[in-house]
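Novice: below are the sequence and a predicted model for it; my questions follow.
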Amino acid sequence: MLTFKSRRLLFCQVGRVPAPPKGPVGHTLAGGTAINPGTPFIEQAPSIVPACDVSTYEALEPILAAANEGVVGALKIGFSLGERFGVPNVAAFIRERTKAPIIYDKQKAGTDIPHTGAEFADIVKSCDAAIVFPLSGPETQRVWTSALQDSGLRVIIGAVMTHPHYLQADGGYVTDEAPRRIIELAIEQGVRDFIVPATNPTSIQQQRELIERFLAAGDYDLYAPGLIAQGGSVEELRHAAGPRWHAIVGRAIYKAEDPLQAVKTLAKSLVSP
């Protein structure tokens, strides 16, 4: 049995002091909220989610040509396209060329006051999902999550980023307990999709352990940025992420001479040799 001290060490990247033990996996949160698995946002897992962090429609076209590969689960767009051309316009451009779901990543949404959540949801409602890193606190997380859900978008919650010096234990600003609190509130609000750092397999495993106090493996999905260009390994991700995960890949696709071939090559690495 883990001692209190060893449990603190185990959660050093997800929150130094874990919450009191809850009931069986898949049952309820402390407030009595029922935990029920939802329909997966992306049917196929694992899959590739190209990060379309380009600045022109011309640069986007080759990525969209690869989006109809069966291994592509969704497309992720960010502020580079969204703020240049408008999120609805970019979404319309993509939908004319592929049926792949669209995830909007503000980089980082959820860092403002609660009141602005409804406005954000209205702007991005032409997409299918939005990524939120609710670093402004639980009230912003509650309101922004509800606003997006009320607009029909799937919410993907992130708690730990891919770069060094993020959590206090690693020399960063964000408290070590924050990820635990973010994840627990997300689950309470019905979120079943989470961003995890491909650059840190240990953090992925720790976040899985936390999530699986409430949800069974296979009843939630992990989305992992930080692969290849940032040093994350698809092989390590495959071993750390459990049964349902998605590789978010940016530069290794959109900077490739042939993005379609890059996707095909990455597809081979998603499954064990």
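Specialist: In hand now; what should we look at?
Novice: what's the closest non-adjacent residue to Ile94?
Specialist: Ile102 (5.8 Å; CB to CB, 6 or more residues apart in numbering). For glycine as for every other residue, the C-beta is placed from the backbone atoms N, C-alpha and C.
Novice: can you tell me which helix in this structure is longest?
Specialist: Taking DSSP state H as the criterion, the chain has its longest helix at helix 138-150.
Novice: helices and strands around that one, which ones?
Specialist: If contacts are counted by 3 or more CB pairs under 8 Å, 6 or more residues apart in numbering; DSSP states H and E, helix 138-150 sits against helix 117-124, strand 129-132, strand 154-158, helix 178-188.
Novice: quick one, phi/psi of the closest residue to Ala91 other than its chain neighbours?
Specialist: Once flanking residues are discounted, Ala91 sits nearest to Ser126: 4.0 Å by CB to CB, 6+ apart. For Ser126, the backbone dihedrals (degrees, to the nearest 10) come out as phi -80, psi -10.
Novice: next up, the contacts around Arg244.
Specialist: 40, 45-46, 218, 220-222 (CB atoms under 8 Å, 6 or more residues apart in numbering).
Novice: now, of these, which are buried?
Specialist: In those, burial by neighbour count holds for 40, 45-46, 220-222, counting by 16 or more other CB atoms under 10 Å.
Novice: with secondary structure, distance to Arg180 and pLDDT added, can I get these in a markdown table?
Specialist: Supplementary listing: the buried ones among the contacts of Arg244 in a markdown table, determined by DSSP: H, G, I helix; E, B strand; the rest coil; distance: CB to CB, whole Å; pLDDT from 0 to 100:
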| residue | secondary structure | distance to Arg180 | pLDDT |
| --- | --- | --- | --- |
| Pro40 | coil | 24 | 92 |
| Ala45 | coil | 24 | 93 |
| Pro46 | coil | 26 | 93 |
| Tyr220 | coil | 16 | 96 |
| Asp221 | strand | 19 | 96 |
| Leu222 | strand | 16 | 96 |
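Novice: and those, which two are furthest apart?
Specialist: Maximum pairwise distance in those, criterion CB to CB, is 13.9 Å, between Pro46 and Tyr220.
Novice: from Trp144, how far out is the residue nearest to Ile94?
Specialist: 18 Å (CB to CB, to the nearest Å).
Novice: so these two - more neighbours on which side?
Specialist: Between Ile102 and Trp144, Trp144 has the larger neighbour count (other CB atoms under 10 Å), namely 27 against 23.
Novice: which ones are touching the most centrally placed residue in the chain?
Specialist: Geometric centre of the chain, nearest residue: Ile195, 2.5 Å, by CA atoms, centre = their mean. Counting by CB under 8 Å, 6+ apart, Ile195 makes contact with 131, 133, 156-159, 222-225.
Novice: change it to 6 Å
Specialist: Contacts for Ile195 (CB atoms under 6 Å, 6 or more residues apart in numbering) come out as 158, 223.
Novice: from Leu266, how far off is it?
Specialist: When Ile195 is compared with Leu266 (using CB to CB), they lie 19 Å apart.
Novice: same thing with Ser80?
Specialist: Ser80 is 21 Å from Leu266, by CB to CB.
Novice: which one's more surrounded, the two?
Specialist: Neighbour tally, Ser80 and Leu266, criterion other CB under 10 Å: the higher count belongs to Leu266, 23 against 18.
Novice: give the closest residue to the more buried one in space, chain neighbours not counted.
Specialist: Per CB to CB, 6+ apart, closest to Leu266 is Ile48, 5.7 Å.
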